[in-house]
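*Asks:* pasting the structure only:
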């Protein structure tokens, strides 16, 4: 079955840049899209059109992927640079943002993720908790940008 051709316009350079900017700071894709004034449905259609290779959308989809990789690499660099310090926050972000990729095999098999926080195992946060943490982080980034 042939891929459906999306008949709407691809994102503008301004929209694309705003989404990439937020993604490279660690925002979830739908959150980055919302910060650029794009609703979740439109954003997902754009990504599907890009995955299907549709011109204009393909470039956007590749830029989204690149921004996600950029943020992941920032966290990995931070972990490496601070491997002798307390890096619970970066480890937590890697686990909630990139899921199975950073969980231990035994934890995946058990169906839970335990984070060692001050030596006390804790169960992974709910999506509500993750969303609340992300909202606070994005608000802090907004405040930091306003200062600069």
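*Replies:* Arrived safely, thanks for sending. Source: prediction; values computed, not measured.

*Asks:* longest helix of this structure?
*Replies:* Identified as the longest helix of the chain according to DSSP state H is helix 57-81.

*Asks:* packing partners for that helix?
*Replies:* helix 13-24, helix 29-35, helix 40-51, helix 88-98 (3 or more C-beta pairs under 8 Å, 6 or more residues apart in numbering; DSSP states H and E). Using the backbone N, CA and C atoms, a C-beta is placed for each residue, glycine as well.

*Asks:* Is it possible to get CSV of those helices that adds distance to residue 72?
*Replies:* Below are the helices and strands packed on helix 57-81 laid out as CSV (distance: least, C-beta to C-beta, whole Å):
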stretch, distance to residue 72
helix 13-24, 10
helix 29-35, 13
helix 40-51, 18
helix 88-98, 6
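
*Asks:* any chance of the ones you listed in TSV, plus mean neighbour count, mean pLDDT and distance to residue 71?
*Replies:* Conversion of these to TSV gives the following (neighbours: other C-beta atoms under 10 Å; pLDDT from 0 to 100; distance: least, C-beta to C-beta, whole Å):
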stretch	mean neighbour count	mean pLDDT	distance to residue 71
helix 13-24	18	95	5
helix 29-35	19	94	10
helix 40-51	17	93	17
helix 88-98	17	69	8
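
*Asks:* buried ones in the longest helix of the chain?
*Replies:* Using 16 or more other C-beta atoms under 10 Å as the burial criterion, the residues of helix 57-81 that qualify are 57, 60, 61, 63, 64, 67, 68, 71, 72, 75, 78, 79.

*Asks:* between these, which is nearest residue 26?
*Replies:* Nearest to residue 26, judged by C-beta to C-beta, of those is residue 71 at 4.9 Å.

*Asks:* Against residue 49, how distant is that closest one?
*Replies:* Distance, residue 71 to residue 49, by C-beta to C-beta, to the nearest Å: 23 Å.

*Asks:* coming back round to it: flag whichever of the buried residues of helix 57-81 scores worst on pLDDT.
*Replies:* Least confident of the buried residues of helix 57-81 in the model: residue 79, at 74.

*Asks:* Test my guess that it contacts residue 95.
*Replies:* No. In this structure, residue 79 is not within contact of residue 95 by C-beta atoms under 8 Å, at 11.5 Å.
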